[in-house]
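Engineer: output the structure for:
(chains A and B)
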Amino acid sequence: MLVLSRKINESIIIQNDIEIVILDIQGDQVKVGLKAPKNIKIYRKEIYDAIQQENIRASQSKLPKDLKGLIEK
Amino acid sequence: MKKILTKPFGEIEVDESQMIIFPDGLFGFENYKNYFLLENPDSPFLWLQSADEPTLAFILIDPYLFKKDYELKISDEEFYAIQIEDKEKELLHFVIVTVPPDHPEKMTANLQGPIIININKKLGKQAISLRDDYTVRCSILDELEKSSKIEQNSNKKVEAK
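Structural biologist: Numbering: from 1, shown residues only, chains lettered A, B, ... in the order given. Next comes the predicted model:
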């Protein structure tokens, strides 16, 4: 992994059109600004991971034969 | 019409013109882009069945059926991605249901990653909810209970008047 040190308001450019700016640092929290073309997808990793894991669980689900009383249409 | 193998119903006939393309796939299933929406008879559930992999299918439900105060809060880019121009006429949205084996009463819905579909252009996407309080495992039966309590309370208010 490439490791770079940055100060507040300094940034990193990736592939000419993706810019990551360090906006603020407070204790153990870093505020990061991201500028990127619309087709670049940006997610918080823990949310991305959670949805991915849940999709895998969901794909193994089966509906019970008797749905009566469980949930009405 | 075309015959395909499906996870819930085995071999069935589908109308190919109804196939929905998910250009990005679903999270964790990026390589599967073609799906059919199948109704599950006598139930509020639907199946999002992969057109290419018979064993891959997801159970979907309309979130308003169990959560009256549900809100689809996602960024506008997500609507652009499936070319939505008129939400009223084109947009369908669902949440994916997980049913734990042997414990159907513990079924949960993924409110954090809703499925949005442009029904006219046959384009779909798994979006990411911008609501911090929505999780990937929301208990469907707990929400149903809450919704029915809210309904009962509002009925009481009407009676009191």
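
Engineer: C-alpha from now on. contacts and neighbour counts both.
Structural biologist: OK.

Engineer: and the residue of chain B closest to chain A?
Structural biologist: Nearest residue of chain B to chain A, counting by Cα to the nearest Cα: B:Thr98, 4.3 Å away.

Engineer: can you pull out the strands in chain B?
Structural biologist: B:2-6, B:10-14, B:20-21, B:34-39, B:45-50, B:57-61, B:91-98, B:108-118, B:123-126, B:138-139 (DSSP state E).

Engineer: now the residue nearest to B:Thr98 when sequence neighbours are not counted: how far from B:Phe58?
Structural biologist: Sequence neighbours aside, A:Ala58 is the residue nearest to B:Thr98 in space, at 4.3 Å (criterion: Cα to Cα, 6 or more residues apart in numbering or on different chains). Per Cα to Cα, to the nearest Å, A:Ala58 is found 6 Å from B:Phe58.

Engineer: and the closest residue to B:Tyr64 other than its chain neighbours, how many neighbours?
Structural biologist: In this structure, B:Tyr64 finds its nearest non-sequential neighbour in B:Tyr70, 6.0 Å apart by Cα to Cα, 6+ apart. B:Tyr70 has 13 neighbours, counted by other Cα atoms under 10 Å in any protein chain shown.

Engineer: buried residues in the lengthiest strand in chain A, which are they?
Structural biologist: Counting by DSSP E, the longest strand found in chain A is strand A:18-26. Neighbour counts over strand A:18-26 (16 or more other Cα atoms under 10 Å in any protein chain shown) mark A:Ile20, A:Val21, A:Ile22 as buried.

Engineer: quick one: residues contacting the residue in chain A positioned nearest to chain B.
Structural biologist: In chain A, the residue found nearest to chain B is A:Ala58; the distance is 4.3 Å by Cα to the nearest Cα. For A:Ala58, the contacting residues are B:Phe58, B:Ile59, B:Ile96, B:Val97, B:Thr98, B:Val99, by Cα atoms under 8 Å, 6 or more residues apart in numbering or on different chains.

Engineer: one step back: overlap in contacts, A:Ala58 and B:Phe58.
Structural biologist: B:Ile96, B:Val97.

Engineer: residue ranges with poor pLDDT in chain A?
Structural biologist: A:66-73 (pLDDT under 70).

Engineer: ok, now with 50
Structural biologist: Filtered on pLDDT under 50, chain A yields the residue ranges A:73.

Engineer: just the helices in it please.
Structural biologist: Listed in chain order, the helices of chain A (DSSP state H) span A:45-59.

Engineer: can you tell me the closest non-neighbouring residue to A:Pro64?
Structural biologist: In this structure, A:Pro64 finds its nearest non-sequential neighbour in B:Pro104, 6.6 Å apart by Cα to Cα, 6+ apart.

Engineer: near the one you found, how many other residues are there?
Structural biologist: Close neighbours of B:Pro104, defined as other Cα under 10 Å, add up to 18.

Engineer: that one contacts B:Val97, correct?
Structural biologist: No - B:Pro104 is beyond contact range of B:Val97, at 10.6 Å (criterion: Cα atoms under 8 Å).
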